[in-house]
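Novice: Give me a 3D structure for the following:
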Amino acid sequence: MYSVAQIKHGLKTPKAMAREAARLTSSNGDGSFNVDGMDIFAEDWDNLVILDACRYDTFADVAAGQLSGTLSSRISRGSSTSEFVRGNFAGKRAHDTVYASANSWYARLRDEIGASVFKFVELNGEKYRDPGTQTFHPEPVTEDAKAVHDEYPDKRLIVHYVQPHTPFMGPTARQFFTQYGQATLSQLAKKPDITTARIRRAYEETLDVALPHVAELVEHVEGKTVVTADHGELLGERHWPIPVRGYGHHPGIYHEELVRVPWLQIPTDERKSVTSETPERDEFEVDEVDDRLRDLGYKV
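Specialist: This next block holds a predicted model:
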């Protein structure tokens, strides 16, 4: 049931109403994640490189010539990172896995969902961000992820980049988006000088900026590597059943552009010898984690 205030808000904001209608018509299960998506831990990999909010079709176009491998697609368990984390890590005891991430949702949800990996490494701090725009740089993520790989050679490794999630990078972002700082994609789409074409171009350029650093990591790590995404992104496609244009990503909306993600398998002749051990548990300050999530535009 919806309150009178919620109904009035929906009538005043067609996009919010369209998102809610889309959520009601596409959600399944108990609403915590997409039960039709894959379990990443049931897949075959030694290293899993995650691009945040990366659509399958954009990856197929932009990554061609930058990363070599066999490309297919998978359906994600989430249309947002929080859903992806819930759907893949809830109740898991992945004590053979190190998760190094520039996205803090695992740290935020770990205790709530009863998740446990051998070690979680937060790649999130001042050296990763431009102080003016709060843009997250992929280069230090790659450098630190390489060090984590070398420190834990007998563990499966997950590395989670921010790109192509906002804040955007590249020439279009510098020309049109810098003044809007940490605005979400939904907020950016409301700006008079931000067209859908510019959003798409900035999104593609952001992925293009990140891919050489991803390629460097892929070249460095040992074992079978897969490059994928936690979820996709709406770039002006229309919601269903109310055909309002949608931007960004929202929990519970499992449209094609939001849940179909790349699954690029990098060829290799060697595999890791992986062992499971008692976890190295770190404690997180919730306020600090929330601040880092807000830098990505999340409401927490």
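
Novice: got a list of what residue 270 touches?
Specialist: Shown in contact with residue 270 (Cβ atoms under 8 Å, 6 or more residues apart in numbering): 222, 223. Heads up, the C-betas are built off the backbone N, CA and C, glycines and all.

Novice: do that again at 6 Å, thanks
Specialist: Shown in contact with residue 270 (Cβ atoms under 6 Å, 6 or more residues apart in numbering): no residues.

Novice: how close does it get to residue 163?
Specialist: Applying Cβ to Cβ, to the nearest Å, the value for residue 270 to residue 163 is 28 Å.

Novice: what's the answer for residue 102, then?
Specialist: Between residue 102 and residue 163 the computed distance is 9 Å (Cβ to Cβ).

Novice: overlap in contacts of these two?
Specialist: Joint contacts of residue 102 and residue 163 (Cβ under 6 Å, 6+ apart) do not exist.

Novice: what helix or strand is residue 290 on?
Specialist: helix 286-295 (DSSP states H and E).

Novice: mind checking how far that helix is from the chain centre?
Specialist: The chain centre lies 16 Å from the centre of helix 286-295; the measure is Cα atoms, centre = their mean, to the nearest Å.

Novice: Flag every buried residue along it.
Specialist: By neighbour count on 16 or more other Cβ atoms under 10 Å, the buried set for helix 286-295 is 289, 290, 292, 293, 295.

Novice: Output the longest helix belonging to this structure.
Specialist: Taking DSSP state H as the criterion, the chain has its longest helix at helix 196-220.

Novice: and residue 193, how many neighbours?
Specialist: Close neighbours of residue 193, defined as other Cβ atoms under 10 Å, add up to 11.

Novice: Tell me, what's the model's pLDDT at it?
Specialist: pLDDT for residue 193: 93.

Novice: For residue 159, which three-state class applies?
Specialist: Of the three states, residue 159 takes strand under DSSP: H, G, I helix; E, B strand; the rest coil.

Novice: what about dumping the CA coordinates of the helix holding residue 290 to PDB?
Specialist: What follows is helix 286-295, C-alpha atoms only, in PDB (Å, rounded to 0.1, in the frame of the first residue of the first chain):
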ATOM      1  CA  VAL A 286      29.600   2.900   9.000                       C
ATOM      2  CA  ASP A 287      29.600   6.700   8.700                       C
ATOM      3  CA  GLU A 288      32.700   6.600   6.600                       C
ATOM      4  CA  VAL A 289      31.300   3.900   4.400                       C
ATOM      5  CA  ASP A 290      28.100   5.900   3.900                       C
ATOM      6  CA  ASP A 291      30.100   9.000   2.900                       C
ATOM      7  CA  ARG A 292      32.000   7.000   0.300                       C
ATOM      8  CA  LEU A 293      28.700   5.700  -1.100                       C
ATOM      9  CA  ARG A 294      27.200   9.200  -1.200                       C
ATOM     10  CA  ASP A 295      30.300  10.200  -3.300                       C
END
